[in-house]
Structure formats: structure tokens, C-alpha cells
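Trainee: Curious how this folds, go ahead:
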Amino acid sequence: MPAAPSFADLAASGNLKGTVRPALGALREYTTGVLAVDGTIATALATLGALGGQYLLRTTAYSVTSADRGRVIDTTGTWTLSLLAAASAVAGFSVVLRNLGTGTITIDPNGSETVDGVTTLAIGPGRAGIVICTGTAWLTVGLTASAAGLTAAGTAALPGMAGVGDADTGLSWLGAAVLALSAGGAERARVTSAGMQVTGLISGTAVTQTATDTTANRLLKVGDFGLGAAKPPALTDLTAAIMPGQYHIVDLATATGVPAGLTGRGTLVVTRADGGRGWFILALPVASLASQRHFFGSRSIATGAITWVRAITDNEIVGTVSQTAGVPTGSLGQFGSSANGNFERRASGQAVCTRTDQTTPNASTAYGSLFRSADIVWTFPTAFFAGTLPAVAFSADNADVLGFRVISLSNTAVTFQLVANASIATTTTVRASAMGRWSDMA
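Mentor: As a prediction, this is how the structure comes out:
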């Protein structure tokens, strides 16, 4: 298209017909090249390449040409919009692009050229904008929904608001007062008027970093402080500060601050009150019901020794009594029997032996003016503590029996004689008892 003729070409004095006619021809060619020939505004706008001067609806892949300058291109479906070379389009070339469907339109510049700095750009549902050539590359303006200041509702897979080059990550509006956050096409969080819902795992510094992390305002993970854990956090020193929770003690024999004499593993439950004052429950998780042990402990400060007391359960009232370093570690009472009688041991360290069927030979041996039996030996059904002697007592249902004479006494047996005021020619049944200690507990 030639340049427009100058005013001088048309109006200079002395112009001849032969000079004006070419100038008028050039003027017409220039005018029709700019505004077209039919005199309509639509044709003039299209010829000028005015923004919005042309319209096109596409549902399949399309390649932009120079004839599309200023054209509004509406799209539906999922496909690629190819751009012509920036050098051919020249700076200022622009088209308006709108995605009216639910698919994704991918803008693909020519060769290695870019759009908004990336090799391809995905336009999600409901998004619109202007694609402009800089002469060497392409850029976009807007790319918002058709309503001013608003975005499309979107879905989890194709959010209404997304980042450049990442169409499946962003925000969607799924209904009245329902805002969803998606990542990689999957919904991860939803905010409603009732609160917030999170889908998936939460990590980072918003959650506790260790099983005993006490940082304020962090979320607890499953297993923290033993809550829901198959194996709670381990403790070796109970005199240190311990936060509320559940813990396990690998070796009670080497742990610090546990009750004396314990071995094996232990389970600890801790609660705390103001000022760090603590309350503790220690249990020995053993298979045998009779071997189970439970202890309650407390202290008035955050650290230091714990005062322990042992809890007696119903299975420990009667069982095997025991002690360690003078401290009871077994049941409240222990009962047993043998051919030598019955015995009872108590957690206090006291022991009692009884026999109700001890028979004596006849008491016909003269003993001064009295009579006595031969020596009778009663071996206790359980031994008393070594180095101690029990107190013994005897009785018999015979009016002639005056009493009994102890010949010898040890912690395992007593030798005695029956004494009568008249000769007894038959055997006599004696009831015997012995009371002492089975341990040296104070």
C-alpha cells in the first residue's frame, strides 16, 4: 500500500490533470487499504485491526494469523492455540482470548518464543485476557473472568484462580461461602462459614517436630507424647522435667527416679498441675497377672525426686509376699500349707505358723510330782527369718494337761514336751502356733 499523497500533490497551483489523477488514485488506494471499500464501520475496524473489531468462535485447535489482529477469539473445549511468529506479527499485534468452556486452552508461541516468560500458558475455564506481541515475544494482560474483579468458580482439577503455567493449582469457589484450595488437581483445603477442613497430611513447622516437642501453638502428630503410638517416647531419667503424656522405660533397673528394686520394662503416665507439679502412674507390663505392679508418684516441683507409693490391686491381696531393701514388693498376704501345718506371711514382715493336729505320745514319764511326754518336734511349715526366734504357744483338750515345756527352739523348728498332773497313757492332740518374722523389715 502506497503512502498517502501530500496536500501539495493535490492542491499546488499549476497542477495539471495528468498530475492530480495519479495523486487521487494513490489517495484512494491508501484510504481503502486503511478503511476498506464498503464504507461500513465493521469492515473499517477489521481492516485497521482494532481491538474487538473481529470475532471468532473456536472449538478445536487453531493457529493465529496476521488477519486475526484485534480479533476476539472465544473458545470451548481443550486444545492448543498456536501464535504466529512475533517478527511476523510485529509489536502491538493483539487478540482477545476468552475460555467459555470447562476445558483448558493452551497458548503455544512459535518455536522457542515465550508468552509471559514461559513456553506455553494454560488458560483455565472462565478466564479471559489480551495476548499482545512485543515484536520478539508475547505477553498477556488481564486473564481474569468476564465479570470485573471476579474470577470463575472453577473446580479442584481446574481452579478458578491459578498461577501462570500451573492451571491445576489454585483457588476455586465451590458454592456459597465455600472456598477450596487445590494442588495438582486435588483439593487440599476447604474454608466454609463453619470453619476449615484439610485433606491430606500436614507437615512443616506448624506441627510438632519431635515426639516431645512442647512449642506453643503447634499441632500434635499421632504418637506425640505417646498418644496413639504403638511405642511411646522412651525415658531414662524421671527426675527431669516431664511433660504430660505416656512414656515407656526400657530398663527399670538402670532408669533414674523409679521405685527401688524394679527390673524390666515400665509404662509411665504423667499429668501436671500449675507450677509444674506432677502426678505419675508407673506400671510393669508383664504377662503374668500375679507379677503386675503399679505405683503412684507425685512431686511438688517440675524436676527432682518422685515420691512413690505402691498400689495394691485385687490380684495382689493374696499372693507371694516379698521385699527389697526392707521395702515390700509383693502381695499383702501369703498363705500356704504342708504336712507340718499352715502358715501366713504378711507384707509387714510378720509370719504365723499353726498346726491343729500335732499328736504327742503318752505322758507317763515321771517329772518330779508330775508327768511328761517324750520330746515332740514340730518343724514349721515355713521358716522364720534367720537369726530370729518365734514366739510359740500350745494347747490341748485334756484336763490333766498342765502345760508344755520347750526343749529347743530355732527359726525352723521347736522341740517340746507335754506336762500333766497325772499320767496320760494315750496320745494327746496338741494345737501349736508360732509367731515371728519372715524378713528383717523395720
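
Trainee: For S66, give me the backbone phi and psi.
Mentor: Phi and psi for S66, reported as degrees, to the nearest 10, are phi -60, psi -20.

Trainee: S88 is in contact with that one, correct?
Mentor: Yes: counting by C-beta atoms under 8 Å, S66 does reach S88; the two are 6.5 Å apart. Yep, even glycine has a C-beta here, placed from its N, CA and C like the rest.

Trainee: how about the helices of the stretch 51-200 of the chain, start to end?
Mentor: Ranges of helices in the stretch 51-200 of the chain, per DSSP state H, counting those that start in this stretch, are 86-89.

Trainee: how many neighbours does L84 have?
Mentor: When neighbours are counted by other C-beta atoms under 10 Å, L84 registers 17.

Trainee: now it: how far from V95?
Mentor: 10 Å (C-beta to C-beta, to the nearest Å).

Trainee: likewise F384?
Mentor: F384 is 109 Å from V95, by C-beta to C-beta.

Trainee: list the residues that contact both of L84 and V95?
Mentor: V64 (C-beta atoms under 8 Å, 6 or more residues apart in numbering).

Trainee: quick one: low-confidence parts of the stretch 1-150 of the chain?
Mentor: 1-50, 52, 143-150 (pLDDT under 70).

Trainee: Where do the strands of it begin and end?
Mentor: 54-58, 62-63, 71-75, 79-82, 94-99, 105-108, 121-123, 128-133, 138-144 (DSSP state E, counting those that start in this stretch).

Trainee: what angle sits between the last one and strand 94-99?
Mentor: Inter-element angle recorded for strand 138-144 and strand 94-99: 40 degrees (by axes from the mean of the first three to the mean of the last three C-alpha atoms, to 10 degrees).

Trainee: Between its first and last residues, what's the separation in stretch 137-155?
Mentor: End-to-end distance for stretch 137-155, by C-alpha to C-alpha, to the nearest Å: 31 Å.

Trainee: do stretch 391-407 as well
Mentor: First-to-last distance for stretch 391-407 - C-alpha to C-alpha - comes to 14 Å.

Trainee: Start at 26, not 1
Mentor: Done: numbering now begins at 26, and the last item shifts to stretch 416-432.

Trainee: Which residues in that stretch does the neighbour count mark as buried?
Mentor: 417, 419, 421, 423, 425-427, 429-430 (16 or more other C-beta atoms under 10 Å).

Trainee: again, but for stretch 460-467
Mentor: Neighbour-count burial for stretch 460-467 [16+ other C-beta under 10 Å]: 461-464.

Trainee: Show the average pLDDT along that stretch.
Mentor: Averaged across stretch 460-467, pLDDT comes to 86.

Trainee: one step back: redo the buried residues of stretch 460-467 as JSON lines? Include distance to T404.
Mentor: Output for the buried residues of stretch 460-467, formatted as JSON lines (distance: C-beta to C-beta, whole Å):
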{"residue": "G461", "distance to T404": "14"}
{"residue": "R462", "distance to T404": "18"}
{"residue": "W463", "distance to T404": "16"}
{"residue": "S464", "distance to T404": "20"}
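
Trainee: Can you tell me which of those residues is nearest Y392?
Mentor: G461 (28.2 Å; C-beta to C-beta).

Trainee: helix or strand for that closest one, which one?
Mentor: strand 453-462 (DSSP states H and E).

Trainee: what's the model's confidence in stretch 391-404, averaged?
Mentor: Here the average pLDDT along stretch 391-404 is 95.

Trainee: list the buried ones in that stretch?
Mentor: Applying 16+ other C-beta under 10 Å to stretch 391-404 flags 395-398, 401, 403-404 as buried.

Trainee: Stretch 133-144 now?
Mentor: Buried-residue list, stretch 133-144, by 16+ other C-beta under 10 Å: 133-135, 138, 140-141.

Trainee: Equivalent analysis for stretch 83-101, please.
Mentor: Buried residues in stretch 83-101 (16+ other C-beta under 10 Å): 87, 89, 93-101.
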